[in-house]
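*Asks:* Based on what follows, work out the 3D shape:
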Amino acid sequence: MGFASAGGHRLEIEWLGRDDGRAPLVLLHEGLGSISLWRDFPARLAQATGRRVLVYSRYGHGESDVLRERQPVAFMHREAEAFGELLENLRVASAILVGHSDGASIALLHAASPVSRASALVVLAPHLFVEDRTIASIAEAREALATTDLLLRLGRHHRDPLRTFRGWNDVWLDPAFRAWDIREGISRIEVPVLAIQGEEDEYGTMAQVDELGRLLPVAPTELRLPGCGHSAHRDRPAEVTAAVAEFVDVL
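*Replies:* Numbers count the residues shown, from 1 in each chain. You can find the predicted model right below:
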């Protein structure tokens, strides 16, 4: 475990596996995620692919700097820029990005930028636009914060769990966020893409992956998982790990 700087903040990072000269996998976590909330998935990927794996906690998450301001509607665009700076500071010239949920959206934004360092993308439950299902589930999470031990559980993974939660929850439930949409830039992504989506995802529908396939210049490889929710890497780790390993094997 260590730290690096990007976007004006100190970010928690961790490398796993051995550097064999190939592009590493870099994991971008979900809206309430952190390094520790990936659990054993990074180690699984390192073992299955034989590649080095980098995980990090975004600003406001994990052991990274605590969030000090309200998140703007365009916070994922800001995080995509900071992510590019992080790769530059770590001297990672090319990487396979593995993003989940908000992290998948940030990976897509980075890959669509003129300064992209992505050689391929794995996106799990990506958000391209806002759906009613997403907003309803995020509103339920706000209720859970008030009525369950959710804050205590988040405290095991974040320096300031309340700020982390509100940084995610408040912006998604801001009425202005309903217009958030990143579909316009998807056609600029020219690297191979693996899209993984649970068919019972409580935070999004198959329409997200359908739109991704419609907009990408080259059709993505897809893994659609019946009976699977939002976190496929936790619900179906063996299938997801095998799919990622097969996808990156030819890269």
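*Asks:* ok, residue 12 - contacts?
*Replies:* By C-beta atoms under 8 Å, 6 or more residues apart in numbering, the contact list for residue 12 reads 1-3, 34-35, 56-57, 62-64. Any C-beta I mention is one placed from the backbone N, CA and C, and that applies to glycine too.
*Asks:* Next one: it relative to residue 39, how far apart?
*Replies:* 16 Å (C-beta to C-beta, to the nearest Å).
*Asks:* Sketch out the strands for the stretch 1-150 of the chain, chain order is fine.
*Replies:* Ranges of strands in the stretch 1-150 of the chain, per DSSP state E, counting those that start in this stretch, are 2-6, 9-16, 25-28, 53-56, 95-100, 118-124.
*Asks:* could you dump those strands to CSV with mean pLDDT?
*Replies:* Shown next, in CSV, are the strands of the stretch 1-150 of the chain (pLDDT from 0 to 100):
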stretch, mean pLDDT
strand 2-6, 98
strand 9-16, 98
strand 25-28, 99
strand 53-56, 98
strand 95-100, 99
strand 118-124, 98
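*Asks:* So which of those strands is the most surrounded?
*Replies:* Greatest average neighbour count among those goes to strand 95-100 (a mean of 28), per mean count of other C-beta atoms under 10 Å.
*Asks:* and it, what does it pack onto?
*Replies:* The contact analysis (3 or more C-beta pairs under 8 Å, 6 or more residues apart in numbering; DSSP states H and E) places strand 95-100 against strand 25-28, helix 102-111, strand 118-124.
*Asks:* next one: it to chain centre, how far?
*Replies:* Put simply, strand 95-100 sits 7 Å off its chain's centre (C-alpha atoms, centre = their mean, to the nearest Å).
*Asks:* Repeat that for stretch 52-69.
*Replies:* The answer for stretch 52-69 is 12 Å, by C-alpha atoms, centre = their mean.
*Asks:* swap in stretch 97-105?
*Replies:* Stretch 97-105 sits 2 Å away from the centroid of its parent chain (C-alpha atoms, centre = their mean).
*Asks:* Just the C-alpha atoms of it, please, in CSV.
*Replies:* Extracted C-alpha coordinates of stretch 97-105, given in CSV (Å, rounded to 0.1, in the frame of the first residue of the first chain):
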residue,chain,number,x,y,z
LEU,A,97,-8.9,-0.3,-17.5
VAL,A,98,-11.3,-2.3,-15.4
GLY,A,99,-14.1,-0.1,-14.1
HIS,A,100,-17.2,-0.9,-12.1
SER,A,101,-20.3,1.3,-12.1
ASP,A,102,-19.2,5.0,-11.7
GLY,A,103,-15.7,3.7,-12.2
ALA,A,104,-16.7,2.2,-15.5
SER,A,105,-18.1,5.5,-16.6
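*Asks:* got the contact list for that stretch?
*Replies:* Against stretch 97-105 from outside (C-beta under 8 Å, 6+ apart): 25-31, 33, 45, 76, 106-108, 110-111, 118, 120-128, 168, 182, 203, 230-231, 233, 244.
*Asks:* With stretch 161-176 instead?
*Replies:* 31-32, 60-61, 66-67, 70-73, 75, 102, 134-135, 138-139, 141-142, 145, 150-151, 154-155, 158, 177.
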